[in-house]
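Peer 1: okay, sequence plus prediction incoming.
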Amino acid sequence: MSRGWLAFMWAVIGAVVGQLLGAALAGQVPFLNYHLPLGMAPATLDLNFLVVTFGISFKLTIAGAIGLVLALWLALR
């Protein structure tokens with residue numbers, strides 16, 4: 001597996017673990033769960049015989065960003 005894919009997988013895992021920790025610790029440390037919604041609203045292309053819907057959204061919290069950065073640092077050092 002190439003180093004780029006491995007770093008990408010570490011980044012995803014770090015972001016997910018960070019999101020989970022941020023949600024778990026939201027009662028004690030509420031600023032970890034603040035989020036910034038990123039993405040675009042769904043857009044539909046209707047060609048009468050084919051309907052395609054495009055859209056993507058991310059909810060990046062502070063804890064998720066910390067987990068993402070830590071995981072990338074560990075993967076790339």
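Peer 2: Yep, it's here.
Peer 1: please make it C-alpha for all contacts and neighbour counts, starting now.
Peer 2: Will do.
Peer 1: what's the neighbour count on residue 61?
Peer 2: The local packing of residue 61 (other C-alpha atoms under 10 Å) involves 21 other residues.
Peer 1: which residues does it form a beta bridge with?
Peer 2: residue 35 (DSSP bridges).
Peer 1: residue contacts, it?
Peer 2: Taking C-alpha atoms under 8 Å, 6 or more residues apart in numbering as the contact definition, residue 61 lies against 19, 22, 32-36.
Peer 1: show me which of these are buried.
Peer 2: 19, 22, 32-35 (16 or more other C-alpha atoms under 10 Å).
Peer 1: per-residue pLDDT, residue 1?
Peer 2: The predicted local distance difference test score for residue 1 is 65.
Peer 1: need the helices for this structure, in chain order.
Peer 2: In order along the chain, the chain carries the following helices (DSSP state H): 3-24, 62-76.
Peer 1: ok, back up a step: just flag the most distant two among the contacts of residue 61.
Peer 2: The two members of the contacts of residue 61 with the most space between them (C-alpha to C-alpha) are 22 and 36, at 13.7 Å.
Peer 1: which residues of the protein score low on pLDDT?
Peer 2: Low-confidence regions of the chain, defined by pLDDT under 70, span residues 1.
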